[in-house]
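1. quick one, what's the 3D model for this:
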Amino acid sequence: MIEILIFSFIGFLIIGLPIAIALGAASTLAIYFGSHIPLLVVAQKMFQGLNNFSYLAIPLFLLAGALMYEAKLSERLVGMASRLVGKRPGGLANVATTSSAFFGAISGSAPATTAAVGTVLIPSMKRMGYTAAGSGAVVAASGALGLIIPPSITMVIYGVISGVSIGGLFINGIIPGILLTLAICVLNWWRGRKSVDDIGLDDTPPPASERIKNLAALLMPIIIIIGIYSGAFTPTESAAVACIYGLLIGVFLYKTLGIAEIKRAFMGTAATTAVIMFLMVCANVFAFVITTERVPQLFSAWVMTITTDPTMVMLMMLALLIVVGTFLDNVSALVLLVPTLVAITSAVGIDPMYFGVFTIIALAVGQFTPPVGLNLYIAANIANETVEKISHAVLPFVAVYIAALLIFVAFPNILTIFS
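-> Okay, here's the model as predicted:
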């Protein structure tokens, strides 16, 4: 059955089928031709793939981010970041990185972060002398912080698949998110240390009322983290709180959310949720087949014949995740790899919480590397530059992420400091 599954899945991908349909079709063929299991199981497993309360957090966090995007929050965050880091070497690039960290803590999505920050900053960067490729590369790499800094939709998906606490993933994503933000800022400073960018934005302190409005947006992730950590609400409930909070401040505080903006937010959320959840239900059937065939256990046993050293296993996992992340989006990679990789890492004594945060960071690299890095295409479209040139310009940022991941392999406690 596993041979039919693998070859049909690869064949469907080669002929250009979407990955969700390839997963479902390959699993159905494997069950029909390779076993005596009735096809009714396919429908049952697809339903089970949706029947999880924690998945409700996905559309809710998407909606919260969409509401903040429609409320033109990115412009306020850029203004805050410009006053914080704008008048220093590499200033405008660091504004992009800092703004991405702020917006990522609100949206939980790398593409949304790239689009929101890039729309505001890439044109300004080009006017101030940055190349189109360079400005696009900074925004694409910084946008990946949206996957890492909580709340993160990717963390929700990993938590459901692996059984690891979603709240724990949120809490433990804070430190690596901050460290990566600082590392990218250092790279921006190093590259722009011979000049101080005139970012062309007003850096005079805003009035007190505007400062309150700006800080109101940053309170959302703080409320979520404190609420989860204190036990006031679950991660799923925190997503509902985020939606209500975003709606209230957008309508009553910023006064930038009207009926049209709210409608766009709901429509966009519905479309994105449908894509993600269809992928999840098809992946659940795929996972049933590989679990029935004991693939995770067999692969784990094979890896342990090579090495049982946790550090070596993590280096192997890093190489695999980087390669897979360049060809699959992060959701697809999670649903395909997590059941097997968690079995392997648990067998050699690696903390599933640590491995979860590590996996999310490693897959974030794939968001801005070719051939399928969505951040690259968004940044290229905004910058009016080719993906090939931005892919070349983004290489120093790839090196920063990989260096950080190697540090996390050497010092794993960084990723579980709050556990």
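2. buried ones in the helix or strand hosting residue 361?
-> In this structure, residue 361 sits in helix 352-365 according to DSSP states H and E. By 16 or more other Cβ atoms under 10 Å, the buried positions in helix 352-365 come out as 352-365. C-beta here means a position set from N, CA and C on the backbone, and glycine is covered the same way.
3. now, which of those residues sits nearest residue 79?
-> Each of the buried residues of helix 352-365 was scored against residue 79 by Cβ to Cβ, and residue 364 proved nearest at 26.0 Å.
4. next one, pLDDT for that closest one please.
-> Looking at residue 364, its pLDDT is 93.
5. that one is in contact with residue 113, isn't it?
-> No. Judged on Cβ atoms under 8 Å, residue 364 makes no contact with residue 113 at a distance of 11.0 Å.
6. identify the contacts common to the two.
-> Counting by Cβ atoms under 8 Å, 6 or more residues apart in numbering, the contacts common to residue 364 and residue 113 are residue 145.
7. and residue 299, what element?
-> Using DSSP H and E, residue 299 sits within helix 295-306.
8. next structured bit after that helix?
-> helix 310-327.
9. that following helix versus helix 352-365: what angle between them?
-> If you take axes from the mean of the first three to the mean of the last three Cα atoms, to 10 degrees, helix 310-327 sits at 40 degrees to helix 352-365.
10. which of the residues in helix 310-327 are buried?
-> For helix 310-327, by 16+ other Cβ under 10 Å, it's 310, 313-314, 317-318, 321-322, 324-326.
11. pull the most distant pair out of these.
-> Among these, the pair separated by the greatest distance (Cβ to Cβ) is 310 and 326, at 24.9 Å.
12. pipe the buried residues of helix 310-327 into TSV and attach pLDDT and distance to residue 18 per row.
-> Below are the buried residues of helix 310-327 laid out as TSV (pLDDT from 0 to 100; distance: Cβ to Cβ, whole Å):
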residue	pLDDT	distance to residue 18
310	93	36
313	93	32
314	95	32
317	93	27
318	94	28
321	93	22
322	93	23
324	88	17
325	87	18
326	86	18
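13. so can I have TSV of those showing distance to residue 178?
-> Output for the buried residues of helix 310-327, formatted as TSV (distance: Cβ to Cβ, whole Å):
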residue	distance to residue 178
310	25
313	27
314	22
317	23
318	21
321	22
322	22
324	26
325	22
326	26
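14. just give me the closest of these to residue 147.
-> Among the buried residues of helix 310-327, residue 325 lies closest to residue 147 (Cβ to Cβ), at 10.7 Å.
15. chain center to the helix holding residue 361, what's the gap?
-> On the basis of Cα atoms, centre = their mean, to the nearest Å, helix 352-365 sits 10 Å off its chain's mean C-alpha point.
16. list the contacts for the residue nearest to residue 158 when sequence neighbours are not counted?
-> Distances taken as Cβ to Cβ, 6 or more residues apart in numbering place residue 356 nearest to residue 158, at 5.0 Å, with adjacent residues excluded. Residues near residue 356 by Cβ under 8 Å, 6+ apart: 155, 158-159, 162, 164, 169.
17. can you get me a residue count around residue 64?
-> Counted with other Cβ atoms under 10 Å, residues neighbouring residue 64 total 28.
18. any idea how far the helix or strand where residue 48 lies is from the chain center?
-> Assigned by DSSP H and E, residue 48 belongs to helix 40-50. Centroid separation between helix 40-50 and its chain, computed with Cα atoms, centre = their mean, is 27 Å.
19. and that helix, what's buried?
-> 41-42, 45-46, 49.
20. okay if I get those residues as a markdown table plus distance to residue 12 and pLDDT?
-> A markdown table is the format used below for these (distance: Cβ to Cβ, whole Å; pLDDT from 0 to 100):
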| residue | distance to residue 12 | pLDDT |
| --- | --- | --- |
| 41 | 20 | 90 |
| 42 | 16 | 91 |
| 45 | 18 | 89 |
| 46 | 17 | 89 |
| 49 | 19 | 79 |
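21. you'd agree residue 415 is up against residue 175?
-> Yes. Counting by Cβ under 8 Å, residue 415 touches residue 175, with 7.4 Å between them.
22. of the two, which one has the most company?
-> residue 415 (24 against 15).
23. show me what contacts the more buried one?
-> Contacts for residue 415 (Cβ under 8 Å, 6+ apart) come out as 172, 175-176, 353-354, 357-358, 408.
24. make it 10 Å
-> Contact analysis of residue 415 by Cβ atoms under 10 Å, 6 or more residues apart in numbering lists 169, 172-173, 175-176, 351, 353-358, 360-361, 408-409.
25. need the per-residue pLDDT for the nearest residue to it once chain neighbours are set aside.
-> Using Cβ to Cβ, 6+ apart and skipping the chain neighbours, the partner closest in space to residue 415 is residue 357 (4.4 Å). The per-residue pLDDT reported for residue 357 equals 96.
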